[in-house]
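Undergrad: Okay, here's the prediction I keep looking at, along with the sequence it came from:
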Amino acid sequence: MRLLPLGFGLAVAVNTAAQTPPSPPPAAADQPVFRTGTTVVLLDVVIRDKKGRPIPDVTRDEVEVFEEGARQKIEAFRWVETEAPVEGAAAPPPKAPDASRQINLVSLVFDQLGPDGRRLAAKAATSFLDKGLRPNTWVAVFQIDQRLALLQPFTNDAAVLKDAVTRATAGTYKGLIDERAALQEAQKQLEDSGAAEADGATGGRGAPATGGGFAAHAQAQALMNMLRMAYSLQRQQQGATSLYPLLALVRGHETLAGRKTLVYLSEGLQVPPNLEAVFRSTISAANRANVSVYAIDARGLNVERAMAASGDALAQAQRASQRSVQSPGGGSVTKDEIYAADTAESALRLDVEGTLADLSESTGGFLVANTNDFKQGAERLAADLSGHYELTYQPPAAAWDGRFRPIEVKVARKGAVVQARSGYFALPPGESSALLAYEVPLLAALGRPAPPRDFELRAGTLHFDEGPAGREHRLIVEARIGSLEMVKDPAKKTYRVHFSLLALVKDKDGAVVERFSEDYPFEGPIEKAEALKLGSIVFKRRFTLPPGSYSLQAAGQDRERNRIGTTRVTFEVPAPAPGARMSSIALIRRIESAPARAERSDDPLDVGGVRVVPNLDLPISLAANQKLSLFFIAYLQGGERPRMSLEFWRAGRALARAEPELPAPEPDGKIRYVGTFPIEKFTPGEYEVRVALSGPAGRCEEKAAFTLVP
């Protein structure tokens with residue numbers, strides 16, 4: 001078996017050395033020129049007749065392209081055809097692709113399948129390999145099961161691919177893979193490909209490589225980048241969803257040459273409201289990389305299932321709405337309460353088959369669903385890969401504002417059915433692999449000399465125990481819902497709020513070491529609107545840093561009024577020291593009941609069935625607070641309980657001192673301390689509380705500043 005040698009290509013352009021149309025070739029003056037340039041939009045277009053058969057004789061004059069409703073000038077147009085397999089012949093041995101014909105790159109992606117789904121997915125994939133594995137079609141096999149795994153790099157060896165499909169659908173794959181081991185294996189493949197012999201030339205869209213070994217190295221590099229990006233996105237977003245691996249997959253295809261197809265075999269794709277922007281970014285990234293997604297619903301034939309998830313969502317929304325009525329205002333808001341929607345329209349967004357259709361149809365593919373016979377779908381996919389049109393146009397000049405720009409392709413031929421991608425997000429060239437669409441205006445705001453502060457945004461970090469990679473931290477950003485625009489619809493009896501957030505952690509040199517973001521589109525019944533205004537959106541993320549000086553920059557956007565709030569704080573990560581260690585001091589703003597799952601939570605702020613909500617530099621009213629409560633965790637070394645001292649300071653002078661006794665360590669060896677101290681004799685002003693732990697092995701100290709107001 002030998003891997004496919006590929007050249008580098010651009011997602012939105014084709015090299016001028018691309019292949020000519022099938023014979024007989026037109027005159028040289030009529031050859032289509034596919035220019036290389038990051039602002040050239042390239043479209044793969046499938047045109048079928050009423051019976052679903054490709055139409056190979058459409059001319060440029062019959063085709064119109066519109067972007068945002070405005071007609072665009074088609075710069076290049078051609079029909080691209082691949083070599084058909086020989087019927088009844090034995091499968092040929094794998095070989096280098098024919099440079100004179102179009103290369104088809106197909107990624108088979110198996111996503112978290114149950115027993116029945118694995119059986120049907122194996123049947124569908126095998127049917128495709130039997131029908132669509134042409135000499136110039138190269139296939140890779142991936143699996144998503146909490147993480148992205150590469151089971152088989154690109155090859156056209158049918159036996160090897162069927163073996164990979166068997167492994168993907170055997171049901172023995174571990175749910176949580178070893179990220180380091182996967183990257184090490186990908187690195188080994190990358191190094192092996194660097195020594196590959198130059199067995200053949202590249203074809204398709206990419207710039208020609210200088211040799212087969214170089215091209216294979218480029219292909220292996222792209223595969224490893226997909227894995228790295230998937231792990232990076234999941235770490236940044238810290239969400240258990242299939243969208244981040246999918247996003248990494250389609251973005252990783254940008255540098256690959258050829259017609260690119262992703263066959264997504266799953267049992268549906270659930271997109272909650274906070275991941276809608278990620279879903280749209282996945283579609284946009286696929287369109288930008290010119291990847292067509294063909295979705296196969298491996299649940300098979302089931303006429304009742306389409307509404308089952310939606311019914312469950314309606315019930316969950318009702319329960320969450322009841323909780324929001326019963327609970328007092330002023331606290332942080334749970335995600336269930338944020339996303340509660342008593343309308344059928346919102347709950348039906350959880351129709352997981354509908355999202356599969358959206359994903360496939362928006363990227364120029366189609367959905368195969370509600371069937372146990374995948375033969376027809378495999379034949380239709382093979383037909384799409386057998387021939388299609390390529391066209392390019394120069395998009396109108398516009399700002400890289402992250403806004404979606406719809407595309408429509410029309411054909412002036414009776415009965416013709418057009419299949420093409422639906423549009424793209426206007427992201428800066430070269431940054432599509434790094435940004436989600438909603439992050440663009442937030443990043444721009446943080447880059448201004450005077451970042452906007454249209455509404456208040458509070459942020460802070462707390463550090464906890466040491467780990468192999470450094471000290472564990474929690475990032476916390478808070479925005480009051482009452483400071484955001486709430487749009488009410490009396491006719492539907494609903495409200496809506498849309499908030500997006502981005503946080504950057506930078507080192508002392510200004511380099512971004514961590515980036516986190518989330519989009520919060522939510523709505524609910526109008527009678528809950530005023531109570532919700534009293535609450536806050538609290539954004540939390542965990543990360544690890546080595547010792548040093550850092551800054552945290554956060555930006556939030558009120559999407560309904562296009563207002564942006566920003567904040568910036570600096571913090572230090574201390575070097576590890578002998579003896580007892582302690583976390584940051586968290587001044588307690590309030591104590592809330594923790595969710596039922598908090599017993600299994602790894603959030604250090606979840607303690608004994610309650611959740612500590614820290615004060616993020618919010619002034620403390622003496623009229624409403626006669627005492628100050630604080631929380632920290634002591635990490636013992638050697639098992640001996642340290643001595644604790646606490647002091648209040650103002651203007652460089654100690655005002656009060658106490659030496660409370662620490663409680664006994666818990667079974668995990670940690671001491672979680674919550675203490676309350678009187679402050680009624682203090683006057684308004686700036687203060688600092690200092691806590692020190694001392695023992696035979698050494699001493700550690702933490703400080704926390706706070707402001708008292710009348």
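TA: Great, that's in hand.

Undergrad: which intervals of the stretch 351-500 of the chain have sub-threshold pLDDT?
TA: 351, 398-402, 427-434 (pLDDT under 70).

Undergrad: 80 instead?
TA: Where the stretch 351-500 of the chain drops to pLDDT under 80, the residues are 351-352, 372-376, 379, 382-387, 397-404, 424-435, 437.

Undergrad: where does the residue most central in space within the chain land in three-state SS?
TA: When Cα atoms, centre = their mean is applied to the chain, the residue found nearest the centroid is Tyr244 (3.7 Å). What DSSP: H, G, I helix; E, B strand; the rest coil gives for Tyr244 is helix.

Undergrad: is it true that it touches Ser281?
TA: No. The pair Tyr244 and Ser281 does not pass the contact test of Cβ atoms under 8 Å, sitting 10.3 Å apart. Where you see a C-beta, it was placed from the backbone N, CA and C, and this is true even at glycine.

Undergrad: returning to what we had before: confidence score at the residue nearest to the centre of the chain?
TA: pLDDT, Tyr244: 84.

Undergrad: next one: Pro92
TA: pLDDT, read off for Pro92, is 48.

Undergrad: do the same with the one 5 residues further on
TA: At Pro97 the predicted local confidence, pLDDT, stands at 47.

Undergrad: Neighbours of Pro667, how many?
TA: 5 (other Cβ atoms under 10 Å).

Undergrad: swap that for Met582, please
TA: 22.

Undergrad: now Ser483
TA: Neighbours of Ser483 using other Cβ under 10 Å come to 17.

Undergrad: Could you tell me which residues make contact with the closest residue to it other than its chain neighbours?
TA: Leaving aside its sequence neighbours, Ser483 sits nearest to Phe455 (Cβ to Cβ, 6 or more residues apart in numbering; 4.3 Å). Neighbouring residues of Phe455 by Cβ atoms under 8 Å, 6 or more residues apart in numbering: Ala479, Arg480, Ser483, Leu484, Gly556, Asp558, Arg563, Gly565.

Undergrad: doesn't Glu456 make contact with the third one?
TA: Going back to what we said before, that points to Ser483. Yes. At 6.1 Å, Ser483 counts as touching Glu456 under the criterion of Cβ under 8 Å.

Undergrad: what sits in contact with each of the two?
TA: Joint contacts of Ser483 and Glu456 (Cβ under 8 Å, 6+ apart) are Gly565.

Undergrad: The nearest residue to Gly609 once chain neighbours are set aside: neighbouring residues, count only.
TA: Using Cβ to Cβ, 6+ apart and skipping the chain neighbours, the partner closest in space to Gly609 is Ala594 (5.7 Å). By the criterion of other Cβ under 10 Å, Ala594 has 18 neighbours.

Undergrad: Wait, Ala594 touches Asp606, no?
TA: Yes. Look at Ala594 against Asp606 with Cβ under 8 Å: they come within range, at 4.9 Å.

Undergrad: can you give me the strands in the stretch 601-710 of the chain?
TA: 606-607, 610-614, 620-621, 627-635, 643-650, 653-658, 670-678, 685-695, 698-709 (DSSP state E, counting those that start in this stretch).

Undergrad: so where's the stretch 51-200 of the chain uncertain?
TA: 51-52, 81-103, 131-132, 134-135, 145-147, 171-200.

Undergrad: just the strands in the stretch 451-600 of the chain please.
TA: Using DSSP E, counting those that start in this stretch, strands in the stretch 451-600 of the chain cover 458-467, 470-480, 487-489, 494-507, 512-525, 536-545, 548-558, 563-573, 581-582, 586-593.

Undergrad: What are the phi and psi values at Arg288?
TA: Here is the backbone geometry of Arg288 (degrees, to the nearest 10): phi -70, psi -40.

Undergrad: Please disregard the earlier target; I meant Glu353.
TA: Dihedral angles (degrees, to the nearest 10) for Glu353: phi -80, psi -30.

Undergrad: count of neighbours near it?
TA: 20.

Undergrad: Asp297 is in contact with that one, correct?
TA: Yes. Contact criterion Cβ under 8 Å: Glu353 and Asp297 qualify, at 5.8 Å.

Undergrad: could you pull out the strands for the stretch 51-200 of the chain?
TA: 63-67, 70-72, 74-81, 104-111, 137-144, 148-155.

Undergrad: what angle separates the first one from strand 74-81?
TA: Yep, that's strand 63-67 we're talking about. Compare the direction of strand 63-67 with that of strand 74-81 by axes from the mean of the first three to the mean of the last three Cα atoms, to 10 degrees and you get 120 degrees.

Undergrad: how about strand 63-67 as CSV, C-alpha atoms only?
TA: What follows is strand 63-67, C-alpha atoms only, in CSV (Å, rounded to 0.1, in the frame of the first residue of the first chain):
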residue,chain,number,x,y,z
VAL,A,63,-24.9,29.8,-15.8
GLU,A,64,-25.3,32.7,-13.5
VAL,A,65,-23.7,33.3,-10.0
PHE,A,66,-25.1,35.7,-7.4
GLU,A,67,-23.5,36.8,-4.2
